[in-house]
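**Q** turn this into a structure:
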Amino acid sequence: MNRITCYGIALIQLYLLLLVDSGVAQSCGIRKVVNKLIVNGTHAKDGYWPWHAALFHNDERCLINVCGGTILDQHTVLTAAHCLMTSHGIIARERLVVQVGRYRLRAASDHAQEREAFQLIFHPKYNRHSIQHDIALIKLATDFTYTIYVQPICLWNRGEDQHSIVGSLGTVVGFGFDENDNPTDTLRETRIPVASAITCVESNREVFGTQLTSNMFCAGNRDGVSACNGDSGGGMFFNYDGTWYIRGLVSFTKPREDAYICNTKEYTVFTDVAKYLKWIEQHMRGPVGQQKQRTEQLAENYNNLKIGLLPMSTCGANP
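**A** Okay, the predicted model is just below:
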């Protein structure tokens, strides 16, 4: 049966086959497909980012590609908290769809996997009225099957100090808007440098001076190459000795004045995953609960954000 997918990504603003033996301990952050690195917002290679997940909201008419996420284990995906919200509050679990192993969104794929959510876990300090603690976990109803196209990332293990990554190039991937303001069909990647907090704030005191906290960091070239709409929730990755680690989650940036689209001349702000490791690990190994009270608190109308949501767009066929 054909699937309908919305491709002018809905957009939640960046606020904007070789099977692995399940009986063997699974390594993380290791590519099973080896290719030459491609930079500057160009197309990635199939299987090159096996931990990337595409998140969709099902609005009954079609699937709306809204955000990215990152595989932590066979039943846990890490993303930004605002990716799990709609204009009316928290998205219902049955309306959230997670796809992994995808290199193309519109094309059928033999190695793509689709899962539904069993539980949405928001950081306890996340508040719909702000962009702080923009981090959440998706527990899946059915486990992923690890293949060369579906693999987990490694959690950051090199300390919380942000000075150690300033100036370093982190890699961001996603199905977000391209340089022509169109949602891309092919997974894209770019490498951007991490900026110091002072540099970020001085670049735009009105936005970053009031929003940036020690649990966030900025990155970007401010030259037209950056994360954009639809990339929210995706990871920033660093490679050390052949192993990839996640350090950031795409969270927000200042929109352009002429359109509610990311301004690639501004820095992008990332949630610093290193500041949330204990919380993440607690929910990865702990029992799955319902978080009923927390869900009710967040399920109020999701309006009046300082950095707002993007409007929905049209649907397109996805075989």
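**Q** so where's the stretch 201-319 of the chain shaky on pLDDT?
**A** 222-230, 255-264, 286-319 (pLDDT under 70).
**Q** so which residues of it form strands?
**A** All strands of the stretch 201-319 of the chain, identified by DSSP state E, counting those that start in this stretch, fall at 216-219, 235-240, 243-252, 268-272, 315-318.
**Q** V100: which of those is closest?
**A** Closest to V100 of those is strand 235-240 (CB to CB; 13.1 Å). In this view, the C-beta of every residue, glycine as well, is placed from N, C-alpha and C.
**Q** got the CA positions of that closest one in CSV?
**A** Provided in CSV are the C-alpha atoms of strand 235-240 (Å, rounded to 0.1, in the frame of the first residue of the first chain):
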residue,chain,number,x,y,z
GLY,A,235,22.7,14.9,16.4
MET,A,236,26.0,16.6,16.1
PHE,A,237,28.7,13.9,15.9
PHE,A,238,32.4,13.7,16.5
ASN,A,239,34.8,11.0,15.5
TYR,A,240,37.6,9.9,17.8
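**Q** give me whichever of the strands of the stretch 201-319 of the chain is most buried.
**A** The highest mean neighbour count among those, using mean count of other CB atoms under 10 Å, belongs to strand 268-272: a mean of 28.
**Q** got the contact list for it?
**A** 14, 80, 131, 133-135, 160, 162, 192, 200, 208, 211-212, 214-220, 226-227, 236, 247-253, 262 (CB atoms under 8 Å, 6 or more residues apart in numbering).
**Q** mind jotting down where the helices sit in the stretch 151-300 of the chain?
**A** Counting by DSSP state H, counting those that start in this stretch, the segments of the stretch 151-300 of the chain that form helices are 197-203, 205-211, 277-285, 292-298.
**Q** I71 pairs with what?
**A** As for beta bridges, I71 partners with V77 under DSSP bridges.
**Q** doesn't L155 make contact with it?
**A** No. Under the criterion of CB atoms under 8 Å, I71 is not in contact with L155, lying 11.5 Å apart.
**Q** more neighbours: the two, which one.
**A** I71 (26 against 20; other CB atoms under 10 Å).
**Q** how far away is that one from C62?
**A** 24 Å (CB to CB, to the nearest Å).
**Q** same question for F252.
**A** Counting by CB to CB, the gap from F252 to C62 is 26 Å.
**Q** wait, A136 sits on K125?
**A** No. The pair A136 / K125 is not scored as a contact, 11.8 Å apart, by CB under 8 Å.
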